[in-house]
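Peer 1: Just a sequence and a predicted model for now, questions to come.
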Amino acid sequence: MKQLNVEQRKQSFLPKNLGKLTIILLILLIVSIIASIAFGSRSIGWSTILDGLFHPELMDHESSVVRQRVVRTIFSFMCGGALGVSGALMQSVTRNPIADPSILGVNTGASLFVVSGIAFLNISSANEYVWLAIAGAILTAIFVFTIGSLGGSGATPLKLVLAGAATSAILTSLVTAIMIPRQNVMDQFRFWQVGSVGAGTWDSIQLLLPFLIVGIVIALITAPALNAMALGDEVAIGLGVKTGTIRLISAFAGVLLCGAATAFAGPIAFIGLLATHVIRLMIGPDLRFVIPLSAISGGIILTISDVVGRLIARPGEVEVGILTAFIGAPILIYITMKAKMRSL
Amino acid sequence: MNNETLQTIIQSRTKRKRRYIMTLALLFVIVLALCSAMLMLGNTIYPVKDVIAVLLGEEVKGASFAVGTLRFPRMLAGLLAGFAFGIGGYVFQTMLRNPLANPNVIGITAGSSASAVFCIVVLNVSNTMISIASVVGGLLTVLIIYGFSRATSFSIGRLILIGIGIQAMLNAFISYLMLIAKTNDLPTALRWLNGSLNGAKIETVMPLLILIVICTPILIYFSNHLEMLELGEQAATSLGVSTNKVRIILLVTAVLVIALATATTGPIAFISFLAGPIARRIVGVGFSALIPSGLIGVILVLAADLIGQFAFEVNYPVGVITGIIGAPYLIYLLIKMNRKGEI
């Protein structure tokens, strides 16, 4: 009898499929790392890859390609992780299953600020415009949330999505208006705009890292409070949660993460949606586990999409932002079709 | 009902009718003024006399090329596309009884754009093929969106969300095509991202002209059914409208017009969204706002194109201008609808 109680208690603390899911994710993680280093638009033999990895003194072309792929892999894991956590945070803050930086228009806000920076402030390096991107993301997020949560029923998915789409439309027009007279800006921006992890360097990894750490730490700290808030604000307040502060802090962390990732990789859509929904399907809504696992699954999804993008268009490559839109949009449609009418 | 009230009703009705006709006439005058502005203004300003002479087919030195080959097709493209977006958008908004349910928001224009850009960049086919492909693309997109939103239980909200999802995919596809495009295909293809009257040619405008001439009477004929549909499905059925048939005819006609307009000028942002509500407000209740919506569409496109051409040092495509003007209105509408709890 006693033993059974202990068993039950254990089960209530840990989600059912946690162990299984962690193992699957770890396997996928390793597979995607290997794939991302091994495959590319240029085929390189396994022995050359190993040589490139373990003999940093080799200076030939192929080893440097391999080393660039290592950078790219790390970079894409960081971006994917940031976007995954950002999606999990935004979904729980807005209590909205389809909140994703791209759907809410936050990416376009970052784009507008980056383009303005390139055009008016002569900014050209990522470490300068990361701040602009984050500022743009934060302002847009505030704007969209405000409009989307007006009225009686709060921020419903439909209201938020429409507010996001309308805001995106204005911002996109402004971006175009800034770009058209400036050919050089257009060239610089055309490739940033698609969303790609190919331009990652050690520098950008170093710059992105602090944002990633701060964002994820905040996310993990606020996770228990967010769990309580998922039961309703009254319950959370009863449990001693300062709902306003928690909502503000975790929304800030969510925007920070996606703003930073967008600054370095360009607007990559739907990772926040994809990463979290797979995890939630498997282990349920407990954010203490959803957040770290979404970080991993976001990284995996982005990296695998990137590998696929490199393989399907040899000798060129399809930018990862395009692929994630193609994988993510059907998920959005699926969620919409499954959702009960009233919750829209 | 005594005689006096009847008299008042008849009087106010004639008054309103007169006002309706006056409004139409006024809109026509504005359209005409904008058209002449489009023909006269440019690097060189030609007097009315020269413009008329060119339009009548006479040779006028300089003016023949500038007005006949450059400005006239441009004006015509703006005129037709504005009209098409205006009436098409009005039909959608009225039929779905929601101002947000317009071709732009739910991604029909993205479908037309994607297939047009695909034809230009990958297939390298003739202009006629591009037009056909973009119409087919638009229709297919409608079918897909409508099919998905019918799969469980239909609601406008679901339709809009699914449309946004489909649109995201189509836009990603367009971005990809733009990246692999050859540099000399880029300007043509770029038009499909913003909507522009640049480089309009008389032969690309002709199909749109023919289609509008065919479709407008159909839409006018069914527009009184449309007013009844506006009262709600059941009311319309009890008034003797076979709702499904009318709905399909109207939907297909509107999509045809919008898709071909998109193929000609690109998706000029927000025209199909703005024209209907403005026309409704001007015309008032009781009269069809179909033709006024078309005229408002023309006015918006031509005015925005004139602004884009002359107000700044740089030439902006018309779609950028309408985007900057139109999106704030969309946000205003959202705020209003959210407050009332209509979404």
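Peer 2: Arrived safely.
Peer 1: Tell me how far the residue minimising distance to the centre of chain A lies from residue B:302.
Peer 2: Nearest to the mean C-alpha position of chain A, counting by C-alpha atoms, centre = their mean, stands residue A:83 at 1.2 Å. Noted for residue A:83: a distance of 43 Å to residue B:302, by C-beta to C-beta, to the nearest Å. For every residue, glycine as well, the C-beta is placed using N, CA and C.
Peer 1: swap in residue B:277?
Peer 2: Distance, residue B:277 to residue B:302, using C-beta to C-beta: 19 Å.
Peer 1: With neighbour numbers in mind, choose between these two.
Peer 2: Shown here are residue B:277 and residue B:302; by other C-beta atoms under 10 Å in any protein chain shown, residue B:302 has more neighbours (25 against 19).
Peer 1: Which residues lie in contact with that one in this structure?
Peer 2: B:31, B:34-35, B:37-38, B:75, B:78-79, B:82 (C-beta atoms under 8 Å, 6 or more residues apart in numbering or on different chains).
Peer 1: Check residue B:43 too.
Peer 2: Here residue B:43 is in contact with residue B:66 (C-beta under 8 Å, 6+ apart).
Peer 1: where does it land in three-state SS?
Peer 2: Under DSSP: H, G, I helix; E, B strand; the rest coil, residue B:43 falls in the coil class.
Peer 1: what about chain A, any weak spots by pLDDT?
Peer 2: A:1-13, A:41, A:56-59, A:125-127, A:151-155, A:183-192, A:339-344 (pLDDT under 70).
Peer 1: Do a quick rundown of the helices in it.
Peer 2: Remark: helices assigned in chain A by DSSP state H are A:2-13, A:18-38, A:46-54, A:61-94, A:106-120, A:126-148, A:157-179, A:183-194, A:202-229, A:233-238, A:243-265, A:271-283, A:287-312, A:320-338.
Peer 1: could you dump these to TSV with distance to residue B:13?
Peer 2: Output for the helices of chain A, formatted as TSV (distance: least, C-beta to C-beta, whole Å):
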stretch	distance to residue B:13
helix A:2-13	72
helix A:18-38	70
helix A:46-54	83
helix A:61-94	50
helix A:106-120	49
helix A:126-148	41
helix A:157-179	38
helix A:183-194	55
helix A:202-229	58
helix A:233-238	54
helix A:243-265	55
helix A:271-283	54
helix A:287-312	63
helix A:320-338	45
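Peer 1: Adding distance to chain B, write these out as a markdown table.
Peer 2: Below are the helices of chain A laid out as a markdown table (distance: least, C-beta to the nearest C-beta, whole Å):
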| stretch | distance to chain B |
| --- | --- |
| helix A:2-13 | 33 |
| helix A:18-38 | 20 |
| helix A:46-54 | 28 |
| helix A:61-94 | 14 |
| helix A:106-120 | 11 |
| helix A:126-148 | 6 |
| helix A:157-179 | 3 |
| helix A:183-194 | 5 |
| helix A:202-229 | 21 |
| helix A:233-238 | 20 |
| helix A:243-265 | 15 |
| helix A:271-283 | 10 |
| helix A:287-312 | 10 |
| helix A:320-338 | 3 |
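Peer 1: Counting neighbours, which bits of the helix ranked longest in chain B end up buried?
Peer 2: Longest among the helix segments of chain B by residue count, using DSSP H, is helix B:3-40. Neighbour counts over helix B:3-40 (16 or more other C-beta atoms under 10 Å in any protein chain shown) mark B:20, B:23-24, B:27, B:30-31, B:34-35, B:38-40 as buried.
Peer 1: Run the chain-centre distance for it.
Peer 2: Per C-alpha atoms, centre = their mean, to the nearest Å, the displacement of helix B:3-40 from the mean C-alpha position of its chain is 22 Å.
Peer 1: Remind me what that helix packs against, helices and strands.
Peer 2: Applying 3 or more C-beta pairs under 8 Å, 6 or more residues apart in numbering or on different chains; DSSP states H and E, we find helix B:3-40 packed against helix B:48-55, helix B:72-96, helix B:271-283, helix B:290-310.
Peer 1: what's residue A:259 in contact with, if anything?
Peer 2: Residue A:259 touches A:106, A:110, A:130, A:133-138, counting by C-beta under 8 Å, 6+ apart.
Peer 1: mind running it again at 6 Å?
Peer 2: Neighbouring residues of residue A:259 by C-beta atoms under 6 Å, 6 or more residues apart in numbering or on different chains: A:110, A:133-134, A:137.
Peer 1: The residues you listed: which two are farthest apart?
Peer 2: Largest separation among the contacts of residue A:259 by C-beta to C-beta: A:110 and A:134, giving 7.4 Å.
Peer 1: With neighbour numbers in mind, choose between the two.
Peer 2: The neighbour count for residue A:110 versus residue A:134, taken as other C-beta under 10 Å, is higher for residue A:110 (32 against 22).
Peer 1: OK, contacts around the residue in the stretch 201-343 of chain B that chain A sits nearest to?
Peer 2: Of all residues in the stretch 201-343 of chain B, the one sitting closest to chain A is residue B:323 (3.1 Å; C-beta to the nearest C-beta). Taking C-beta under 6 Å, 6+ apart, we find residue B:323 in contact with A:173, B:269.
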